[in-house]
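Trainee: coords below, sequence missing:
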């Protein structure tokens, strides 16, 4: 989903950076209160880096890959995800030429704000409505992953509107192109997230709020 | 060999290694800014040429390594503009491609001449919150270890399956194994660093002073490009 360097006009890049800024500031303030869990956050960020490095080119100004958003959100919470995403995206731009520096703000918004908050809200809503842990995580992961790509499609559509269909027409085009690769990836990622979260909970090494009872089932 | 070994090696060994990261950020960042605002034709080509010359002749980065890092970015960019050809027309698609290629060359210059720890220390000096920079340092150290773990797990899976395709169960078991081991490694790295009294910014990097000559040259180059773009505005409209 990372938008390539130079693909957004400077005004758009600046606007998305400004939009990400309050979420990032909130995330950094949360990091200050989580110094004891720094190793867990660092491991989550390193893991996200590895997961999102497995990229597939996509003909929509971007690339497709497992987002790792749901796993990061479950492990670290949605509030710190903008800060973790910033670190992951910065290293991906500098070390693997994935994404870019001018597009960092837009990519943080998609991967660190839109995806994690959608995942978290759906996860909590599903749990409140009595959906089991596994279906709740599967649903939240799949929709959260698609929300990340919908956000990227919107960012691209706003930057490059269709001459006839405008922003809406361009959004549908970008989203349609992404969906070819991203729908199967979202389904696989939801199964993958369930299995990984279950294994982690069972290992007893990490306590995940809301899933304490899962290990015993 | 881990994911960022080749790039790290070059970033730590190029001819601009001892230059101040501020010098390199002003040079590369200024060109990147110009690539984003100036008309694509012909200025993107000029910016690409300037960034390439600085990387290959100035920082003496091997051509092959430079091309190896830049080629995937150009490949992704080429795939990216295909929907624009169909939607917005080839002229707009070509402009986006040229601008993207110039921006990629600028980012390559910055990434290949400045090691990530230097950039993080510069970010700290620019008052980026300490907690974010400390976490970034820890992640930087961990990425190498996690990638080695990832390669070992993948090799183990390949050997067990004798080259066959892993099932979803096998793949997720490996992935969860990777995460739990990553957490253990992170815990050890952090504990080791704090026992050695290295809490905070445990990387030794030479502190280089900014060069007035280098900065004047960088600003002169960027100013000339901007002046030329304004001068030829009627022929190449913004």
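Mentor: Done, it's in. Nothing here was measured: the structure is a model prediction, and the numbers come from that model.

Trainee: in stretch A:118-128, which residues are buried?
Mentor: Within stretch A:118-128, the residues that qualify as buried by neighbour count (16 or more other C-beta atoms under 10 Å in any protein chain shown) are A:118, A:119, A:120, A:122, A:123, A:126, A:127. The way it works is simple: take the backbone N, C-alpha and C, and place the C-beta from them, glycine included.

Trainee: ok, those residues vs residue B:32, which is closest?
Mentor: Ranked by distance to residue B:32 (C-beta to C-beta), the buried residues of stretch A:118-128 are led by residue A:118 at 31.3 Å.

Trainee: one step back: and the furthest pair within the buried residues of stretch A:118-128?
Mentor: Using C-beta to C-beta, the two most remote members of the buried residues of stretch A:118-128 are A:118 and A:127, lying 14.9 Å apart.

Trainee: return the residues in contact with residue A:193.
Mentor: A:70, A:71, A:74, A:137, A:138, A:141 (C-beta atoms under 8 Å, 6 or more residues apart in numbering or on different chains).

Trainee: what about the last one, neighbour count?
Mentor: Other residues near residue A:141 come to 31 when the count uses other C-beta atoms under 10 Å in any protein chain shown.

Trainee: does the strand or helix carrying it reach chain B?
Mentor: Taking DSSP states H and E as the criterion, residue A:141 maps to helix A:133-159. No: for helix A:133-159, no contact with chain B is found by C-beta under 8 Å from any C-beta of the partner chain; the gap never falls below 8.7 Å.

Trainee: so for that helix, mean pLDDT?
Mentor: Averaging pLDDT along helix A:133-159 yields 91.

Trainee: also stretch B:153-167?
Mentor: 74.

Trainee: just stretch B:141-148 next, same as before
Mentor: Here the average pLDDT along stretch B:141-148 is 82.

Trainee: please identify the buried residues of it?
Mentor: By neighbour count on 16+ other C-beta under 10 Å, the buried set for stretch B:141-148 is B:141, B:142, B:143, B:145, B:146, B:147.

Trainee: and chain A, which of those contact it?
Mentor: Among the buried residues of stretch B:141-148, proximity to chain A is found for B:142, B:143, B:145, B:146, B:147 (C-beta under 8 Å from any C-beta).

Trainee: in this structure the first one contacts residue A:44, no?
Mentor: Same thing as residue B:142. No: assessed by C-beta atoms under 8 Å, residue B:142 is found out of contact with residue A:44, at 10.1 Å.

Trainee: do you have the strands of chain A handy? List them.
Mentor: With strands called from DSSP state E, chain A shows them at A:56-58, A:62-64.

Trainee: what's the least confident stretch among those?
Mentor: strand A:56-58 (a mean of 49).

Trainee: which residues of the chain score low on pLDDT?
Mentor: In the absence of a named chain, chain A is used. A:1, A:53-66, A:203-217 (pLDDT under 70).

Trainee: wait, chain B was what I had in mind.
Mentor: For chain B (pLDDT under 70), the answer is B:1-6, B:163-168, B:197-207.

Trainee: remind me what the longest helix seen in it packs against, helices and strands.
Mentor: Looking across chain B with DSSP state H, the single longest helix is helix B:130-161. Other helices and strands packing on helix B:130-161, by 3 or more C-beta pairs under 8 Å, 6 or more residues apart in numbering or on different chains; DSSP states H and E, are helix A:10-32, helix A:38-52, helix A:81-96, helix B:116-125, helix B:168-195.

Trainee: repeat that for 10 Å
Mentor: Helix B:130-161 sits against helix A:10-32, helix A:38-52, helix A:81-96, helix B:5-13, helix B:116-125, helix B:168-195, with contacts defined as 3 or more C-beta pairs under 10 Å, 6 or more residues apart in numbering or on different chains; DSSP states H and E.

Trainee: among those, which is nearest residue A:170?
Mentor: Judging the helices and strands packed on helix B:130-161 by C-beta to C-beta, what sits closest to residue A:170 is helix A:10-32, at 13.0 Å.

Trainee: in the closest one, what counts as buried?
Mentor: Those would be A:12, A:13, A:15, A:16, A:17, A:20, A:23, A:24, A:27, A:28, A:30, A:31, for helix A:10-32 by 16+ other C-beta under 10 Å.
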